[in-house]
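K.L.:
sequence first, then the predicted structure:
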Amino acid sequence: MNPTVTHPDTSFDVPRVRADFPILATKVHGKPLVYLDNAATSQKPQCVIDAIDDYYRSTNANIHRGVHYLAEKATEAYEGARAKMARFLGADHAHEIIFTRGTTESINLVAQSFGRSTLKPGDEVLITWLEHHSNIVPWQMVCEQTGATLMVVPINDRGELDMNAFESLLTERTKIVAVNHISNALGTINPIKRIIDRAHQAGAVVLIDGAQAAPHLKIDVRALGCDFYALSGHKMYGPTGIGILWGREALLEKMPPYQGGGDMIASVTFQKTVYNNLPYKFEAGTPHICGGIALGVAADYLAAIDYTAMNAHEHALTEYGTQQLSQIEGLRLIGTAAEKVSVLSFTLEGIHPYDMAPVLDREGVAVRTGHHCAQPVMDRFHIPATVRASVAMYNTREDIDALIAALAKVRRMFAGL
Amino acid sequence: MTEQAAITIDELTENFEFLGDWEQRFTYLLDLGKKLPPMKPEDCNEDTRVHGCQATVFLKEHVTPASNGSPAIIEFDAQADAFLVSGLIAILRIIYNGRTPQQILDTDITGILTKLDLEEHLSPTRRNGLHAMVKRIRALAAAYQ
């Protein structure tokens, strides 16, 4: 079957995109790098690398404080990046964009600020079986602190949320619903619009973990109608150590600060501290200025991409990978949702994922093995780990073919065992 | 396990040197893993579990206590659900089994693994638990020293 029948990808110029990512020319053990670990972190285009280099060469200064030339230049660039991220997410205001270290910190911020100040015993936080540990543990922590209860929406054998169970678990006790947009372990695209609408009808506030969605889907928080959206820069072609929490202004205004320190205050005396306005109230200390600016550049880079063509290309690759993998004897795909993207998670009968990894690596193929920080998902499928190949827009059919050839080699090497 | 106990570390090094490329060495390692005798099921529990590994690893020691001036002798069994890790266990058994605590502590494990071109597996980031297993064996040796 030719996957281009269902997803025409002729308009997406992959060689041109690849040329933007210098690391893709790397040789690994003498073989061309086949980078299929994009759900862990994406590679960076030249413009992002240049932005990081240029920042330290021409702009570096602390922001929001000095009135000298560089301080103003750095502040302007950093606040400019905030405005870019607001546009990237379709937010109403730049001050609804909080720079964090990444999705994990964004979720912790909401749990510890919003969650801790509003949850009471008897309240419930509703998450799903598909969540990354970073959208489980912060809620467990705040439930322990407040006496609230953590509830979990189960999934079916294809790795899709059981929406009937969601409906019955959603009650007037549910105060927060936290769910990922796309599952990191399985690639399932969750019906978040429906989840958000239903949660709001029930009176709950909704946080979306968008770490995996940011590099793949056009995000519009206004259209989604969620209350918080969290993402990581490094998964969307930006630097590590920088991420975003978008929050609805009215909610953010009411939330207490998460960390204390410099920049988050309006005035400090030993008697009383008056907190700064949004977004600075949530940005204590000197931030990752360079990271924020470079993330803005990554958002610009994505804004110039034709998403329809990119999505068609990534869907075609995911489908092609699924077809090719399905032909391997003993291979079990974990996560076969009708709506999924990028992720090909699998096991091979009789061969531990850990045993496959070195062979794939020697063939130049970079994939992730392990539980993908989603142990409940592994438990659900009664497996300790999977091999996870995950595609980005710069991947090609040749990359999938290289993975398949490397897996054939794995099978040959383990045939006698 | 008799056939492995019979191999000395020098012979093992020779075997590895004889096997020219990575693939042959990897296959040999898998083969060593395959021949590793399984532990008794009742010995595989939370107490013997070695954490820090993607594979599920158990390690149980047997200590012959010091007596009449002879030092203690340490032996251990271990098993893993991944062949590669089992192979690494087999090598650790060749290196450490039947040794005195002092001999264990004196063993230059990094040197041996470098010679075998396996030192990459010692890195904690490899998450194969070799690092954790070596730490556990050395801690045991220190306790009986």
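P.N.:
Okay, I see it. Numbering: from 1, shown residues only, chains lettered A, B, ... in the order given.

K.L.:
contacts, neighbours, all on C-alpha from now
P.N.:
Fine.

K.L.:
from B:L92, how far out is the residue of chain A found nearest chain B?
P.N.:
At 5.2 Å from chain B, A:H352 is the closest residue in chain A, using CA to the nearest CA. Separation of A:H352 from B:L92 (CA to CA, to the nearest Å) stands at 20 Å.

K.L.:
if you count surrounding residues, which of these two has more?
P.N.:
A:H352 (23 against 20; other CA atoms under 10 Å in any protein chain shown).

K.L.:
hang on, the earlier thing: ok, now which ones touch the residue of chain A closest to chain B?
P.N.:
Contact analysis of A:H352 by CA atoms under 8 Å, 6 or more residues apart in numbering or on different chains lists B:A55, B:D81, B:A82, B:F83.

K.L.:
quick check on the third one: phi, psi?
P.N.:
With angles defined as degrees, to the nearest 10, B:A82 sits at phi -110, psi 140.

K.L.:
one more: the first one?
P.N.:
Its backbone dihedrals place B:A55 at phi -80, psi 160, with angles given as degrees, to the nearest 10.

K.L.:
kindly report the same for A:W129.
P.N.:
Torsion angles, degrees, to the nearest 10, at A:W129: phi -70, psi -20.

K.L.:
can you check the pLDDT for it?
P.N.:
Model confidence at A:W129, given as pLDDT, is 96.

K.L.:
excluding its backbone neighbours, what's nearest it?
P.N.:
Spatial nearest neighbour of A:W129, excluding adjacent residues (CA to CA, 6 or more residues apart in numbering or on different chains): A:P154 at 5.3 Å.

K.L.:
low-confidence stretches in chain B?
P.N.:
With pLDDT under 70 as the threshold, chain B has low-confidence stretches at B:1-6, B:121-128.

K.L.:
now do 90
P.N.:
B:1-26, B:50-56, B:65-71, B:82, B:84-85, B:110-136, B:140, B:144-145 (pLDDT under 90).

K.L.:
helix, strand or coil: sort out the spatially most distant residue from the centre of chain A for me.
P.N.:
Within chain A, A:Q271 marks the point farthest from the mean C-alpha position, 41.0 Å out by CA atoms, centre = their mean. Following DSSP: H, G, I helix; E, B strand; the rest coil, A:Q271 is assigned to coil.

K.L.:
skipping adjacent residues, who's closest to the spatially most central residue of chain B in space?
P.N.:
Most central in chain B under CA atoms, centre = their mean is B:L92, positioned 1.9 Å from the mean C-alpha point. Excluding the flanking residues, the one nearest B:L92 by CA to CA, 6+ apart is B:V134, at 8.0 Å.

K.L.:
got it, and A:N190?
P.N.:
A:H181 (5.6 Å).

K.L.:
that neighbour touches A:G210, doesn't it?
P.N.:
Yes - A:H181 is within contact range of A:G210, at 5.3 Å (criterion: CA atoms under 8 Å).

K.L.:
which parts of the stretch 301-417 of chain A are helices?
P.N.:
A:307-326, A:353-362, A:375-380, A:397-414 (DSSP state H, counting those that start in this stretch).

K.L.:
any idea which element B:L30 lies in?
P.N.:
helix B:22-34 (DSSP states H and E).

K.L.:
list the helices and strands that helix packs on?
P.N.:
helix B:83-96 (3 or more CA pairs under 8 Å, 6 or more residues apart in numbering or on different chains; DSSP states H and E).

K.L.:
quick one, the helix it packs on and helix A:353-362 angle?
P.N.:
For helix B:83-96 against helix A:353-362, the angle by axes from the mean of the first three to the mean of the last three CA atoms, to 10 degrees is 100 degrees.

K.L.:
and the next element down the chain from helix B:83-96?
P.N.:
Defined by DSSP H and E, the subsequent element after helix B:83-96 is helix B:101-106.

K.L.:
in that next one, which residues are buried?
P.N.:
By neighbour count with 16 or more other CA atoms under 10 Å in any protein chain shown, helix B:101-106 contains the buried residues B:P101, B:Q102, B:I104, B:L105.
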